[in-house]
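In: need coordinates for the below:
(chains A and B)
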Amino acid sequence: MAPVLVVARLTVQEASRRRLLLALVILTLIVVGFSAWGFHKITELAQAGEAQLISSQLLIVVTFMFSGVLALSAAVVAGPLISSEVESGLLLAVLARPVRRSEIVIGKWLGLAVLVAIYAGAAGLLEMLAVDWATGYVPPHPIQLIVYVAVEGLALLSLGLVLSTRLSGITGGVIALVAWLMGWIGGVVGGFGAALQNDAVENIGIISRLILPSDGLWRGAVFAMEPDAVLAQLRLGGTLARANPFAAVDPPPIAFLAWVAVWFATMLALSIWSFRTREI
Amino acid sequence: MPADSPAAPPGGGAAASPAIHTVELTKRFGSTVALAGLTMTVPRGEIFGFLGPNGAGKTTAVKLLLGLLRPTSGEGWLLGQRVGDLATRRRIGYLPELFRYQAWLSAREVLALHCELAPLPRSRWKEAIDGALNIVGLADRASSRVGTFSKGMQQRLGLGAALLGEPELVFLDEPTSALDPIGRHDVRRIIREMAERGTAVFLNSHLLSEVEQVCDRVAVVDHGRVIASGTMQDLLSGSAVRVRVSGLDGQLAKLEAFGPVDDEGEHLTFTKLGPERVPDLVSEIVKLGGRVYEVVPRHQNLEDRFLQLLHEDEPK
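Out: Numbers count the residues shown, from 1 in each chain, chains lettered A, B, ... in the order given. Presented below is the predicted three-dimensional model:
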């Protein structure tokens, strides 16, 4: 097996043997169970015709929690991914083998990316099945929803990894966490700018999305969860609807998605360069 | 160190080239000089001891040779190839001073990981892993998680990983730091067996008796410089005198004409003193009011020589 795949396999193996996966699976099942009960209750109480609207809004909030858990977990796990192994000496014996440092970086990213993608897919699918069972509601673009949530997790993973090549695990994890929150707030502020038609404030949101695209990706996930009726209402509301952090009037523009691809490539290249030039 | 060391490994043929050859290898961390122009040659199949006090630059030298650190200047070759060459690492084993292995894997899985990264053909894994486990005495703990191992067992495991695939050159950085006397004895045996198979062993250590017992050749490093090197025989040709004495309080400086002295309270070892000067020494001690109980002239051992070298290296 190529070294990059060996490192990726080792990363997955570590998460599984350290019971990280088990903890996530149990917590997810609990959340899905509770939310299924909650959705069921609400549709019982809701008046005819309101159930779909309420379900769609509630699903957005539950998904926000899921995407948050995923993004934060990715940041916290990626923060020490390389730094802890440098500090403990674990990488010394590995790097003395014919293994390139880029292979270590890409392998670790790949291993964690597989976990993020599987978690996003499995948790998203389970939650949607539970909601469908409880209310009969299915979001309009379920696959896009899962992809956006997964890519948001991958963004935090990539940020954590860059930091992990130079900073200690705790520092890197905390910075990634704060960056995620600031990215979200930046998006909210930018939304207000759009609502109030103030370019300067709106630019804050754009710039924060360029630095860390997590909020832009989150809006993509929101858009995938909005039925036509909700979208029509939002559009009726004019620019004011853009101030709502749990709403998206338009899908993410193609230019933004292209930037996301460039951003990922930059983060990986930066991680490789940073680790290659680090003395161990 | 052969006096005729070429600037580059001779011949260029892999088999003919020395195991390690360095020219003016230097490493600075900011204003601190960790290694100041290391020039040395380690022949194939020999056990080479790299000695020095803590902080002398021993681990820095190993890390430079393995490409974990980049030299500030100078050059190095391992097995005829430039330091940093990826393919050469297939033929090298390494036990780091800071040894740590994946706590969530079993000993066998750690060795399998190293077989895979080395890389060894999969058909040889079982034999290589079982062999390594037997050599380092971990066969009965092969399936236990490394996280449950004592430090000594982890160091044994690291040694096992370094031996996999019969490398041509093995770096052992303080390989017995976590081991008990039995473990140390085992490591000496393992090192000798490796050398018998033709493996060159680069042994970083400050345990002088250990080095003295196994090494063919040594270099003594202090403050980032090699202050002496040669075969064990060349280095230990001198003699020393050990004296048991009392009543010399505070007057040791007056004996400096007899060379460097290792003061262990009642016992003084004059680490570079010929037996012909024993009568002079004794009469001088008596003149200073000392009472002599025992005088034992002997061949210089590595500790005597080491202390003498460090003494001579001290800035005057």
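In: give the buried residues for the strand or helix carrying B:His185.
Out: Following DSSP states H and E, one finds B:His185 within helix B:181-196. Residues of helix B:181-196 classed as buried by neighbour count (16 or more other CB atoms under 10 Å in any protein chain shown): B:Gly183, B:Arg184, B:Asp186, B:Val187, B:Arg188, B:Ile190, B:Ile191, B:Met194, B:Ala195. All C-beta spots, glycine's among them, are computed from the backbone N, C-alpha and C.
In: please enumerate the helices of the stretch 201-316 of chain B.
Out: B:208-214, B:232-235, B:278-287, B:302-313 (DSSP state H, counting those that start in this stretch).
In: and the second one, what does it pack onto?
Out: Which is helix B:232-235. strand B:217-222, helix B:302-313 (3 or more CB pairs under 8 Å, 6 or more residues apart in numbering or on different chains; DSSP states H and E).
In: swap the cut-off to 7 Å and go again
Out: Applying 3 or more CB pairs under 7 Å, 6 or more residues apart in numbering or on different chains; DSSP states H and E, we find helix B:232-235 packed against strand B:217-222.
In: so can I have CSV of the helices of the stretch 201-316 of chain B showing mean pLDDT?
Out: CSV is the format used below for the helices of the stretch 201-316 of chain B (pLDDT from 0 to 100):
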stretch, mean pLDDT
helix B:208-214, 86
helix B:232-235, 79
helix B:278-287, 92
helix B:302-313, 80
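In: could you point out which of those sits nearest B:Lys27?
Out: Proximity to B:Lys27 (CB to CB) singles out helix B:302-313 among the helices of the stretch 201-316 of chain B, at 19.0 Å.
In: how far out from the middle of the chain is that closest one?
Out: 15 Å (CA atoms, centre = their mean, to the nearest Å).
In: what's the angle from it to strand B:217-222?
Out: If you take axes from the mean of the first three to the mean of the last three CA atoms, to 10 degrees, helix B:302-313 sits at 40 degrees to strand B:217-222.
In: for helix B:302-313, buried residues please.
Out: Buried residues in helix B:302-313, defined by neighbour count with 16+ other CB under 10 Å: B:Leu302, B:Glu303, B:Asp304, B:Arg305, B:Phe306, B:Leu307, B:Gln308, B:Leu309, B:Leu310.
In: who in the stretch 51-200 of chain A is up against chain B?
Out: A:Ser88, A:Gly89, A:Leu90, A:Leu92, A:Ala93, A:Val94, A:Leu95, A:Ala96, A:Arg97, A:Pro98, A:Val99, A:Arg100 (CB under 7 Å from any CB of the partner chain).
In: relative to B:Glu116, how far out is A:Leu5?
Out: 10 Å (CB to CB, to the nearest Å).
In: residue numbers of chain B in contact with chain A?
Out: Checking chain B against chain A by CB under 7 Å from any CB, the hits are B:66, B:68-70, B:86-87, B:89-90, B:92, B:94, B:96, B:98-100, B:102, B:104, B:113-114, B:116-118, B:158, B:161.
In: burial of B:Ala34, as a residue count?
Out: By other CB atoms under 10 Å in any protein chain shown, 21 other residues sit near B:Ala34.
In: now do the contacts for whatever residue of chain A ends up closest to chain B.
Out: Ranking the residues of chain A by distance to chain B (CB to the nearest CB) places A:Gly89 first, at 3.4 Å. Taking CB atoms under 7 Å, 6 or more residues apart in numbering or on different chains, we find A:Gly89 in contact with B:Pro96, B:Leu98, B:Phe99, B:Arg100.
In: mind checking pLDDT for it?
Out: A:Gly89 is assigned 92 on the pLDDT scale.
In: could you do B:Pro297 as well?
Out: 86.
In: any idea how far it is from chain A?
Out: 45 Å (CB to the nearest CB, to the nearest Å).
In: my guess is that residue meets B:Val243, correct?
Out: No. Counting by CB atoms under 7 Å, B:Pro297 does not reach B:Val243; the two are 9.7 Å apart.
In: more crowded one of those two?
Out: A direct count of neighbours by other CB under 10 Å for B:Pro297 and B:Val243 places B:Val243 higher, at 25 against 17.
In: quick check: bridge partners of the more buried one?
Out: B:Leu268, B:Val295 (DSSP bridges).
In: got the contact list for it?
Out: B:Leu268, B:Val292, B:Glu294, B:Val295.
In: what's in contact with the helix holding B:His185?
Out: With CB under 7 Å, 6+ apart, helix B:181-196 has contacts from B:45-47, B:135, B:137, B:152, B:156, B:159, B:170, B:175-176, B:179, B:201, B:203, B:210, B:213-214.
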